[in-house]
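Undergrad: Fold the following, please.
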Amino acid sequence: MLMSKSLTQTNAIAPSHSIRNGFALFSMFFGAGNVIFPLIIGQTVKGNLFFSLCGLMLTAIIVPFSGVISISLFEGNYQNYFRRVGAFPGFMIILLLFALIGPFGGIPRLIGLSYSSLKVYIPSLKLLIFSAVSCVVILVFSIRKKNILKILGLVLTPILLISLCVIIVKGTFFSAPGLHHGASLKPLKAFFYGIKEGYNTMDLLASFFFASMVYKKIRSQSHTGEPKSMMINMLKASVIGAFLLALVYVGFSYVAATYCQELSTVSSDQYLGKIGQIVLGKHAGIIVCLTIIMSCLTTAIALSSLCADFLCDLFKERKPSYPLSLLIVLVLTWGVSTLEFSGIVRLLNPVLQICYPSLLAITILNIFYKVYGFKHIKIPVFIIFVIMLITAFL
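TA: As a prediction, this is how the structure comes out:
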């Protein structure tokens, strides 16, 4: 009896670790897409916000955290995960994903949103200089990659959550002009609009690699590393991370719907800075804005570290150093970031339209494989990819 109790205790990790891991997942997912697209939904949909939020929760919460769980079923090994579609196709998918979440998509988009938000307060700010400084900051912190999860889960997330709560609570209850009840979209269109904007967060793409990072961290925290216990701990972290993201989505969408008239005068990538300015005033608003920019850059640090590790593994015969790989990633990032936020979004949209459904199919079929023993994956994924490719060019 005592031995059984002892085993149970060693298989579980401390509740504080679960909370910290959940905070880390939230902070990693809370990037450029997670900030801007709920705001766009609130400003666009207005009165039918509930239906759009249902669509957003489907593609920006359920879908990416399905990716987290499915990778966890493969013990955090994304190579084995994608190898099920074939060795070469699996490698090409991994290469494409790292390009999209890294220097050709995710990281420049984070820098672009940070720049646009700060430009509300500093109109003379130059994109080239801001991007260069951001890349240097990312380089400095990414070199010390062992501390990334600690910084995310223990330091930044509590500050970030407080800042977000201040904007949402004050904007909703203390200074709001009242929710705009006129609906610009019908309920069904609002629902599908939420689905589309949820896709644009690109969170499914990042979930495979974020989950791998957190899974390895949980394994180091666990005494035994027993698979069932690991899955339970990943589920705990996922529930915490998903709950926090859902709160932010609802709050930000509601605040944007409330101030939809004021936001109509600025571009979508400046919504965050504008809301901070309206709700908190210029001085307090810039402090909160800087906190969220820190969050974007911290997510960029995590992504840069992942991409640099991938480059090291990809060219391991030539043995490139981690700092050199990191430098290559950030030079490419700087170049793409000069397109600005809107240009990067336009660049990513057709690629996401083609690839996202296939990645979702891989996620679902891999879960079925681990849970029910369902082995078919290559033909369904290929058919979906071909259909989306044809649709994109029609």
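
Undergrad: can you list the weak-confidence ranges in the stretch 201-350 of the chain?
TA: 223-225 (pLDDT under 70).

Undergrad: could you pull out the helices for it?
TA: Secondary structure of the stretch 201-350 of the chain (DSSP state H, counting those that start in this stretch): helices located at 203-221, 227-258, 260-263, 271-314, 322-337, 340-372.

Undergrad: Quick one: these as CSV, columns for distance to Q79 and mean neighbour count too.
TA: Where C-beta positions appear, they are placed from N, C-alpha and C, glycine not excepted. Shown next, in CSV, are the helices of the stretch 201-350 of the chain (distance: least, Cβ to Cβ, whole Å; neighbours: other Cβ atoms under 10 Å):
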stretch, distance to Q79, mean neighbour count
helix 203-221, 10, 23
helix 227-258, 18, 20
helix 260-263, 43, 18
helix 271-314, 9, 21
helix 322-337, 18, 19
helix 340-372, 13, 18
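
Undergrad: L125: which of these is closest?
TA: helix 271-314 (11.0 Å; Cβ to Cβ).

Undergrad: JSON lines for the helices of the stretch 201-350 of the chain, including distance to I383?
TA: Below are the helices of the stretch 201-350 of the chain laid out as JSON lines (distance: least, Cβ to Cβ, whole Å):
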{"stretch": "helix 203-221", "distance to I383": "19"}
{"stretch": "helix 227-258", "distance to I383": "30"}
{"stretch": "helix 260-263", "distance to I383": "41"}
{"stretch": "helix 271-314", "distance to I383": "28"}
{"stretch": "helix 322-337", "distance to I383": "32"}
{"stretch": "helix 340-372", "distance to I383": "9"}
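
Undergrad: what's near enough to touch D309?
TA: Neighbouring residues of D309 by Cβ atoms under 8 Å, 6 or more residues apart in numbering: Y322, S325.

Undergrad: can you give me the strands in the stretch 1-150 of the chain?
TA: Remark: strands of the stretch 1-150 of the chain are absent; assignment by DSSP state E, counting those that start in this stretch.

Undergrad: just for the stretch 1-150 of the chain, where's the confidence low?
TA: 1-13, 31-33, 145-150.

Undergrad: how about the helices of it, start to end?
TA: Under the criterion DSSP H, counting those that start in this stretch, the stretch 1-150 of the chain contains helices at 2-11, 15-29, 32-45, 49-57, 63-73, 78-83, 87-101, 106-119, 127-143, 148-150.

Undergrad: deepest of those helices, which one?
TA: A comparison of the helices of the stretch 1-150 of the chain by mean neighbour count, using mean count of other Cβ atoms under 10 Å, puts helix 106-119 on top with a mean of 27.

Undergrad: Does anything pack onto that one? Which helices or strands?
TA: helix 32-45, helix 127-143, helix 271-314, helix 322-337, helix 340-372 (3 or more Cβ pairs under 8 Å, 6 or more residues apart in numbering; DSSP states H and E).

Undergrad: so what's the backbone phi/psi at S267?
TA: phi -70, psi 160 (degrees, to the nearest 10).

Undergrad: That one contacts S116, correct?
TA: Yes. Counting by Cβ atoms under 8 Å, S267 touches S116, with 7.4 Å between them.

Undergrad: which residues do the two both contact?
TA: By Cβ under 8 Å, 6+ apart, no residue touches both S267 and S116.

Undergrad: measure K316 to L96 for me?
TA: For K316, the distance to L96 (Cβ to Cβ, to the nearest Å) stands at 20 Å.

Undergrad: for V331, same thing?
TA: Counting by Cβ to Cβ - V331 and L96 are separated by 20 Å.

Undergrad: ditto for Y356
TA: Taking Cβ to Cβ, one finds Y356 at 12 Å from L96.

Undergrad: Relative to L247, which of the helices and strands packed on helix 106-119 is closest?
TA: Closest to L247 of the helices and strands packed on helix 106-119, according to Cβ to Cβ: helix 32-45, at 10.8 Å.

Undergrad: between the closest one and helix 15-29, how big is the angle?
TA: 70 degrees (axes from the mean of the first three to the mean of the last three Cα atoms, to 10 degrees).

Undergrad: Dump helix 32-45 to CSV, restricted to CA.
TA: What follows is helix 32-45, C-alpha atoms only, in CSV (Å, rounded to 0.1, in the frame of the first residue of the first chain):
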residue,chain,number,x,y,z
ALA,A,32,1.3,38.1,-33.0
GLY,A,33,-1.7,36.2,-34.2
ASN,A,34,-3.1,35.7,-30.8
VAL,A,35,-3.1,39.5,-30.1
ILE,A,36,-4.3,40.9,-33.4
PHE,A,37,-6.9,38.4,-34.8
PRO,A,38,-9.3,38.5,-31.8
LEU,A,39,-9.1,42.3,-32.0
ILE,A,40,-9.9,42.2,-35.8
ILE,A,41,-12.9,39.9,-35.0
GLY,A,42,-14.3,42.2,-32.4
GLN,A,43,-13.9,45.3,-34.6
THR,A,44,-15.4,43.6,-37.7
VAL,A,45,-18.2,41.5,-36.3
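
Undergrad: now for it, which elements pack on it?
TA: Checking 3+ Cβ pairs under 8 Å, 6+ apart, helix 32-45 ends up next to helix 49-57, helix 106-119, helix 187-200, helix 227-258, helix 260-263, helix 271-314.

Undergrad: in the third one, what's buried?
TA: What it means is helix 187-200. Buried residues in helix 187-200, counting neighbours by 16 or more other Cβ atoms under 10 Å, are found at K189, A190, F191, Y193, G194, I195, K196, E197, G198, Y199, N200.

Undergrad: likewise stretch 378-394?
TA: V381, I384, F385.

Undergrad: In helices, which of those residues fall?
TA: V381, I384, F385 (DSSP state H).

Undergrad: Now do the nearest residue in space to S116 that is not next to it in sequence against Y259, distance only.
TA: Using Cβ to Cβ, 6 or more residues apart in numbering and skipping the chain neighbours, the partner closest in space to S116 is D269 (3.8 Å). D269 is 16 Å from Y259, where distance means Cβ to Cβ.
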